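Peer 1: Here is my input; please provide its structure:
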Amino acid sequence: MPSVIITFFPDKLFLQIWQVEQKRVRNILGANQVSVNTSVDFSPDGRFVVSCSNVGCPTGVRIWLMRDGSSSILRDPVCEKFWAVAVTFSPDGKYVVASDDDGMLRLWNVRTLKLVRRWRAHFESATCVAFTPDGRGLVTGSRDQTLKYWDLGQPGFDGLRVVEVLRFVGHTVCPSHLSFVVSLLTSPLQDRIREVAVSPDGRWVVTGSVDNTARIWDIADASLKCTLVGHKQGIRSVDFSPMDKYVACGGWDGKISVWRYGESRG
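Peer 2: As a prediction, the model looks like this:
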């Protein structure tokens, strides 16, 4: 499949698919739709795009077929209207998960378009979500200043039982049958987590926050490894390089920073 990228603007009602080599728009998805896009993701095989909307309407989460631009709505039979904030495919491309403004997570089967599971993840808006590379874990961040790791168990989520393992509050370990929760910051107005990503080897989590910093965490025990500073405004996006040990951060200050990470020595 040729290299493509997808772009969208929060105040526009469509997605643009770009052909990288030709530097042109390949197709436009969602023209004349009524939803405003807030998050998008490609399926691993490149056949689908999933998008979510911050407009409380039945078109909140939609999956698109790249071949012809046709689409289907991913519905919740119990809650028809929800404010979707972030969305992503599972690593095998068989499932889609979306977070919403009420702190709920929803998981759909891509083949059947059926909702597999719904659960409350946070007390406030669940602003970001990312799978671990093996597809058995899910990391979510929220305006409630917490980062959570969810153990999804064995692949094949149709019989999913969500399990949390440890709880960390204010960097103090508190073992629990629930998950780990990392209190990143102290002020509820300034400290919400905006974005999250998991490293390709599944060992590290990077979070971006409106406090102008990004932080790298050890996924095994939720310990903070380092804080990345330098942006003058909040962090809007973060990601790991798929090959080398680099982290990229994009800020509201219009800057992109790239950091190299690795094991400390000595």
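
Peer 1: Would you check that my belief about residue 114 contacting residue 107 is correct?
Peer 2: No: under the criterion of Cβ atoms under 8 Å, residue 114 is not in contact with residue 107, lying 10.1 Å apart. C-beta: built from backbone N, CA, C; applies to glycine.

Peer 1: out of those two, which sits in the more crowded spot?
Peer 2: Neighbour count, other Cβ atoms under 10 Å: between residue 114 and residue 107, residue 107 has more, with 21 against 12.

Peer 1: which residue packs closest to residue 62, ignoring adjacent ones?
Peer 2: Closest residue in space to residue 62, ignoring its immediate chain neighbours: residue 71 at 5.1 Å, by Cβ to Cβ, 6 or more residues apart in numbering.

Peer 1: That neighbour contacts residue 61, correct?
Peer 2: No: using Cβ under 8 Å, residue 71 is not in contact with residue 61, being 10.5 Å away.

Peer 1: Please identify which of the two sits among more neighbours.
Peer 2: residue 61 (25 against 18).

Peer 1: From residue 253, how far out is that one?
Peer 2: Plainly put, residue 61 is 31 Å away from residue 253 if you go by Cβ to Cβ, to the nearest Å.

Peer 1: same deal with residue 41?
Peer 2: 25 Å.

Peer 1: Check residue 44 too.
Peer 2: Taking Cβ to Cβ as the measure, residue 44 falls 32 Å from residue 253.

Peer 1: Ok, residue 99 next?
Peer 2: According to Cβ to Cβ, residue 99 stands 25 Å off from residue 253.

Peer 1: Comparing those two, which residue is more hemmed in?
Peer 2: Neighbours were counted for residue 99 and for residue 253 using other Cβ under 10 Å; residue 99 has more, 29 against 15.

Peer 1: Could you give the average pLDDT over the helix or strand where that one lies?
Peer 2: Element membership for residue 99, per DSSP states H and E: strand 95-100. Averaging pLDDT along strand 95-100 yields 93.

Peer 1: by contact count, what packs against it?
Peer 2: For strand 95-100, the packing partners by 3 or more Cβ pairs under 8 Å, 6 or more residues apart in numbering; DSSP states H and E come out as strand 61-65, strand 84-89, strand 104-109, strand 126-131.

Peer 1: okay if I get those as a markdown table plus mean pLDDT?
Peer 2: A markdown table is the format used below for the helices and strands packed on strand 95-100 (pLDDT from 0 to 100):
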| stretch | mean pLDDT |
| --- | --- |
| strand 61-65 | 86 |
| strand 84-89 | 91 |
| strand 104-109 | 92 |
| strand 126-131 | 92 |
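
Peer 1: Quick one: those strands as CSV, columns for distance to residue 145 too.
Peer 2: Shown next, in CSV, are the helices and strands packed on strand 95-100 (distance: least, Cβ to Cβ, whole Å):
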stretch, distance to residue 145
strand 61-65, 25
strand 84-89, 16
strand 104-109, 18
strand 126-131, 11
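
Peer 1: Where do the strands of the stretch 51-200 of the chain begin and end?
Peer 2: 61-65, 71-73, 84-89, 95-100, 104-109, 115-120, 126-131, 137-142, 146-151, 166-169, 172-175, 181-183, 193-198 (DSSP state E, counting those that start in this stretch).

Peer 1: Show me the strands paired with the last one, marking each as parallel or antiparallel.
Peer 2: Partner strands and pairing direction for strand 193-198 (DSSP bridges) are strand 204-209 (antiparallel).

Peer 1: which element follows the strand it pairs with toward the C-terminus?
Peer 2: Using DSSP H and E, the helix or strand that follows strand 204-209 in sequence is strand 214-218.

Peer 1: Which residues outside that next one are in contact with it?
Peer 2: Here strand 214-218 makes contact (Cβ atoms under 8 Å, 6 or more residues apart in numbering) with 147, 182, 184, 203-209, 223-228, 235, 238, 247, 249, 261.
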